[in-house]
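Engineer: The amino acid sequence is not available; the structure is as follows:
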């Protein structure tokens, strides 16, 4: 089975700045991989490359069997990204935003209402314009789009940000369900206590390159995951 993500010496530029400077990463289908590293390490850039949003100018980059150097657009309907810029519209209601995003990606509209319910976007909130929502509520709308679309590759940039404890637990449930259903998940996080238990692997980036990796906590018995030793890269 071909990997979901294959990067070999991948280079991507933001202006003249090397956002990725020869990154190597292979992610098998169905894996959950957490990306860690300081600000500017290349985590968001790697996610944007995999989403087909940032061009690769050197090396090799394939996502879901698509050659990103030849055709970035070909992968976009098959991946879903939760980022700092949600790609939603302030003037549309919550339900209208989710409906528009799902249809634009060629998704099944039948998944829209269950996704809204799952993310607690019900009652008046469903009819509220996005521009009137809090940061956490906007985050939940973006997650509802992913749940409704069911992409093959989930790309999550700080998915726990701006969420309360209940919503954070829901994010963890959604990640686990996506992986159990066969999707692949790449998750960038500054919060190891939230992200490590979700991961099959934890990959450390710095300077636009992959420095190394360690096993994550997914599938381990409770109490065996720590933030040091075999479950952490400094």
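Structural biologist: Noted; the coordinates are in hand. Note that the structure is a prediction, hence the values are computed from the model and not measured. Numbering: from 1, shown residues only.
Engineer: Please make it C-alpha for all contacts and neighbour counts, starting now.
Structural biologist: Will do.
Engineer: Name the residues of the helix-or-strand element of the chain with minimal mean pLDDT that come out as buried.
Structural biologist: Taking mean pLDDT, DSSP states H and E as the measure, the chain has helix 192-195 as its least confident helix or strand, at a mean of 80. With burial defined by 16 or more other CA atoms under 10 Å, the residues of helix 192-195 counted as buried are 192, 195.
Engineer: Contact partners for the nearest residue to residue 208 once chain neighbours are set aside?
Structural biologist: Once flanking residues are discounted, residue 208 sits nearest to residue 20: 4.0 Å by CA to CA, 6 or more residues apart in numbering. Contacts for residue 20 (CA atoms under 8 Å, 6 or more residues apart in numbering) come out as 10-13, 42, 45-46, 207-209.
Engineer: Which of these sits closest to residue 131?
Structural biologist: Taking CA to CA as the measure, residue 131 sits nearest to residue 45 out of those, at 26.7 Å.
Engineer: in this protein, which spans are helices?
Structural biologist: Applying DSSP state H to the chain gives helices spanning 43-50, 94-104, 112-118, 135-149, 165-180, 192-195.
Engineer: Turn the ones you listed into a markdown table, columns for distance to residue 6.
Structural biologist: Formatted as a markdown table, the helices of the chain follow (distance: least, CA to CA, whole Å):
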| stretch | distance to residue 6 |
| --- | --- |
| helix 43-50 | 9 |
| helix 94-104 | 26 |
| helix 112-118 | 30 |
| helix 135-149 | 22 |
| helix 165-180 | 18 |
| helix 192-195 | 22 |
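Engineer: closest one to residue 58 among those?
Structural biologist: Sorting those by CA to CA, the top spot, which is the nearest, belongs to helix 43-50 at 12.1 Å.
Engineer: Please enumerate residues in contact with that closest one?
Structural biologist: By CA under 8 Å, 6+ apart, helix 43-50 touches 5, 12, 19-20, 35-37, 54-56, 63, 81, 155-157, 186, 188, 205, 208.
Engineer: cool, stretch 113-131 as well?
Structural biologist: When contacts are defined by CA under 8 Å, 6+ apart, stretch 113-131 is touched by residues 88-95, 97, 138, 140-141, 143-145, 147-148, 170.
Engineer: Show the average pLDDT along that stretch.
Structural biologist: Mean pLDDT, computed over stretch 113-131, is 96.
Engineer: ranges for the strands of the chain?
Structural biologist: Secondary structure of the chain by DSSP state E: the strands cover 5-14, 17-27, 32-36, 56-63, 66-67, 79-82, 153-157, 184-188, 201-206, 209-215.
Engineer: Turn these into CSV, including distance to residue 50 and mean pLDDT.
Structural biologist: Rendered in CSV, the data for the strands of the chain read as follows (distance: least, CA to CA, whole Å; pLDDT from 0 to 100):
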stretch, distance to residue 50, mean pLDDT
strand 5-14, 8, 96
strand 17-27, 11, 96
strand 32-36, 13, 96
strand 56-63, 6, 96
strand 66-67, 10, 96
strand 79-82, 8, 94
strand 153-157, 8, 96
strand 184-188, 9, 97
strand 201-206, 15, 95
strand 209-215, 15, 94
